[in-house]
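> how would this look folded up:
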Amino acid sequence: METTTTTGGVSRRWALQAAGAAGAAAILTGAGAGAAQADDRGRSDDRGVEPGAGRWKTWVLSSGKEIPVPPPPRGQVALRDLDAVLRASADRSAETLDAISWDTGSPGFRWNQIGAQLLVANPAPDTFRVITYLNLAIYDATIAAWAWKQHHRRARPSGRRLKTAIATPDSPSYPSEHGAAAGAAVGVLRHFYPDQATELAERAAAHSAARVAAGVEHPSDFRAGYALGKAVAAKVARARIDADGFDTPFEGNPNVPYPGGDGSYPVLPKDEGYIQALVGEWKPLVIGDVTAFRPPPPPAKGSAARAAELAEVKNYPRRQQPDFAELFFWAQDPAGRPEPDSGAYVQAASAAFYYAVDVSLIVLEDVNQKIHEYKLDTNPPRAARTYALTFAAMLDAYIACWNAKYHYLVGRPIHFDPTIDTLWTTYPLASYPSGHSSNMTAPATVLGYLFPRDADYFLSRAKENAASRVWSGIHFRSDSTAGVALGQRVGRAVIAYGRADGS
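Alright, predicted model coming up:
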């Protein structure tokens, strides 16, 4: 069996013996169909899961049918299309079955993993933009695919003479939702990582071959979905990625201190510091005027409240841990754990290290887990909506938080007292409000709406994450409290958007 390799941050399994590299490419280009050996199954009477999803509100498209999708093949062309499925599924090698099993979950599941791998390998200040626009494109492509599925109503290729390798999806076959997700993902990720374009296209070709070899899609299904997804990605690039203000140049003098603040924050670094200051000027997706989401001012420099917060950070017993190894094995599920700072809580440093990573990676795993637990992997529109709303909340919270950070421009605890012993180096960012706190609380609030049975779980994790910034010594208590409040406000705004999307 072929092993998994990593090149440029993209995990992949390329070989598919059933179709071969040339066969996989042919599925995307339409070349190489053989002689027909089966009947054209024609139009399906089964409308399948979420038949009305094609009318849900989209983020960039004017409607699910904005981008035309021509009718599926008919007659002899359709028979050749079906014959390609029969041939690919008749000789499933171990490598083919491995590739089919890799292609699991909702259509966007693996593409989110690939996107996360690229983010880890290529960290950048626009991390949240990548994961958010990836999922907006997948969502719009999925809704568009659903609109055309219900229009064309093509039956799946499975039948008496075809044993599928996986469960047949409960929806019409054309265009493919997996093809739409792949086209959208390749288009968006290639926009951010142009040097990965070839590998991403190869991954999509392998994805298409796996769906055909599994017996659940015709080659033309994936091909039409892929073209649709690529067209959606191009619109997302024009309307969102290239128009949200990320490339706006800094117009100030980098040799002059950034204006504002109470004087506690040092001069911004000439490179990343000025990029961070501009984040709050980006165009949000849902919340509109980001200044309306600014929290009230933090404790004043020299005030008794600021002195008390500084003492809390300095005197926190963050080094009292029985086993350093525990820092790297923090349990995911907080069920049964006491409330942060309740007195019974003894694993502060463990939690601080757990939450130190980019919160988008933590939230992504939560989303993947809940989609699996709630069986939304069999409901592609719901799964795509979950990803899109969650990460839209994260991006908007990021923008609103950074707007507030560089409005108040408050120093970190070590800027007030350089002798504070922190668990790791303080980030070169303004302190108030806490970015980790807002950026995790906003999606946690949305996830509580999407999965109400687990609302307490998500809020508990968000509060624990916020408190961990104080435990680590890099934030004041007011930073974390304000970040949670800001995140909840942004989350509620995204929930209001979701409640009006027709789903």
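> Please make it C-alpha for all contacts and neighbour counts, starting now.
Noted.
> where are the low-confidence patches of the stretch 301-450 of the chain?
Along the stretch 301-450 of the chain, segments meeting pLDDT under 70 span 319-339, 341-347.
> Kindly report the same for the chain.
Judged by pLDDT under 70, the stretches of the chain that qualify are 1-42, 44-46, 125, 160, 252-259, 267-274, 319-339, 341-347.
> Give me the distance from the biggest helix by length in it to the chain's centre.
Taking DSSP state H as the criterion, the chain has its longest helix at helix 380-408. A distance of 10 Å separates the centroid of the chain from that of helix 380-408, by Cα atoms, centre = their mean, to the nearest Å.
> Run through the helices of the stretch 201-350 of the chain in chain order.
Remark: helices assigned in the stretch 201-350 of the chain by DSSP state H, counting those that start in this stretch are 219-236, 272-279, 304-315, 348-354.
> now those helices in JSON lines, with distance to Asp247 and mean neighbour count?
What follows is the helices of the stretch 201-350 of the chain, written out as JSON lines (distance: least, Cα to Cα, whole Å; neighbours: other Cα atoms under 10 Å):
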{"stretch": "helix 219-236", "distance to Asp247": "16", "mean neighbour count": "26"}
{"stretch": "helix 272-279", "distance to Asp247": "10", "mean neighbour count": "19"}
{"stretch": "helix 304-315", "distance to Asp247": "36", "mean neighbour count": "17"}
{"stretch": "helix 348-354", "distance to Asp247": "32", "mean neighbour count": "23"}
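> out of those helices, which comes closest to Val186?
Closest approach to Val186 among those is made by helix 219-236 (7.4 Å; Cα to Cα).
> same for the closest one, what does it pack against?
When contacts are defined as 3 or more Cα pairs under 8 Å, 6 or more residues apart in numbering; DSSP states H and E, helix 219-236 packs onto helix 20-29, helix 75-90, helix 127-152, helix 177-192, helix 197-214.
> how big is the angle separating the longest helix of the chain from helix 127-152?
Interaxial angle, helix 380-408 versus helix 127-152 (axes from the mean of the first three to the mean of the last three Cα atoms, to 10 degrees): 150 degrees.
> What residues sit buried inside stretch 70-78?
Pro72, Pro73, Val77, Ala78 (16 or more other Cα atoms under 10 Å).
> what's the most distant pair in those?
Pro72 and Val77 (9.4 Å).
> How about the contacts made by the residue sitting nearest the centre point of the chain?
For the chain, the residue nearest the mean C-alpha position is Ile131 (4.0 Å; Cα atoms, centre = their mean). Taking Cα atoms under 8 Å, 6 or more residues apart in numbering, we find Ile131 in contact with Asn112, Gly115, Ala116, Ser360, Phe391.
> Ala300 now?
Contact analysis of Ala300 by Cα under 8 Å, 6+ apart lists Asp262, Arg306.
> got it, and the one 5 residues further on?
Taking Cα under 8 Å, 6+ apart as the contact definition, Ala305 lies against Pro299.
> and Ala231, how far is that from Ala137?
10 Å (Cα to Cα, to the nearest Å).
> what do these two both touch?
Shared contacts of Ala231 and Ala137, defined by Cα under 8 Å, 6+ apart, are found at Ala184.
> what's the closest of the contacts of Ile131 to Ala442?
For these, the closest approach to Ala442 (Cα to Cα) belongs to Phe391, at 9.0 Å.
> my guess is that closest one contacts Thr132, does it?
Yes. If you go by Cα atoms under 8 Å, Phe391 and Thr132 touch, sitting 5.0 Å apart.
> Many thanks, I have nothing further to ask.
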